[in-house]
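Novice: sequence and predicted structure are below.
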Amino acid sequence: MIRRQARELALQVLFQVDIGQISAEFALQYIIEERKLGQEDLTFTRRIVFGTLEHLNILDEIIAGVSHEWQIHRMAGVDRNIMRMALFEIFYCGEIPGGVAVNEAVELAKTFGGDDSSRFINGILGKIVQDPHAYFPEGQYGTIVDKHS
């Protein structure tokens, strides 16, 4: 499995947690049973899911700081979760360049989002990537120790 597919699975889990109000462990377990993930794929998927959930409030603050006319809870669930995942990768996964995270998010939006999702997500994330320090809460920018592997 390639990382894009692992991101797709992570998006499915995050969407279920966000919209379906179920636990991440339950949603992830269902996907593991359905997809027969290898250990490396499972590790990457878990990292995105649990890292995104751990930093959800900060990630939502960042999105809200850029999307002035859109409240986070009024955004499409798919769009909201794609942006959360991408921002987690940008701010907390040091090995993933911002441009790559944005491109992956846009591709996910083309596959799973609405007609305007890819443009909307590209606009929001592109603005953040241009000057990440302007949007990230002071004192909290940087790579974290990955405890979700």
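Specialist: Alright, I've got the coordinates.
Novice: switch to C-alpha atoms for all contacts and neighbour counts from now on
Specialist: Will do.
Novice: next, the buried residues of stretch 42-61.
Specialist: Using 16 or more other Cα atoms under 10 Å as the test for burial, stretch 42-61 gives 42, 44-53, 56, 58-60.
Novice: which ones among those residues map onto strands?
Specialist: Judged by DSSP state E, strands contain none of the buried residues of stretch 42-61.
Novice: where does this protein dip in pLDDT?
Specialist: 1, 137-149 (pLDDT under 70).
Novice: what about 90?
Specialist: Scanning the chain for pLDDT under 90 picks out the ranges 1-6, 20-21, 29-42, 65, 67-71, 73, 93-98, 131-149.
Novice: mind checking which of the buried residues of stretch 42-61 are in helices?
Specialist: If you go by DSSP state H, these have 42, 44-53, 56, 58-60 in helices.
Novice: spatially central residue in this structure, please.
Specialist: residue 85 (0.8 Å; Cα atoms, centre = their mean).
Novice: what about that one, helix or strand, and which?
Specialist: Per DSSP states H and E, residue 85 falls inside helix 77-92.
Novice: so what's the residue count around residue 21?
Specialist: Neighbours of residue 21 under the rule other Cα atoms under 10 Å: 10.
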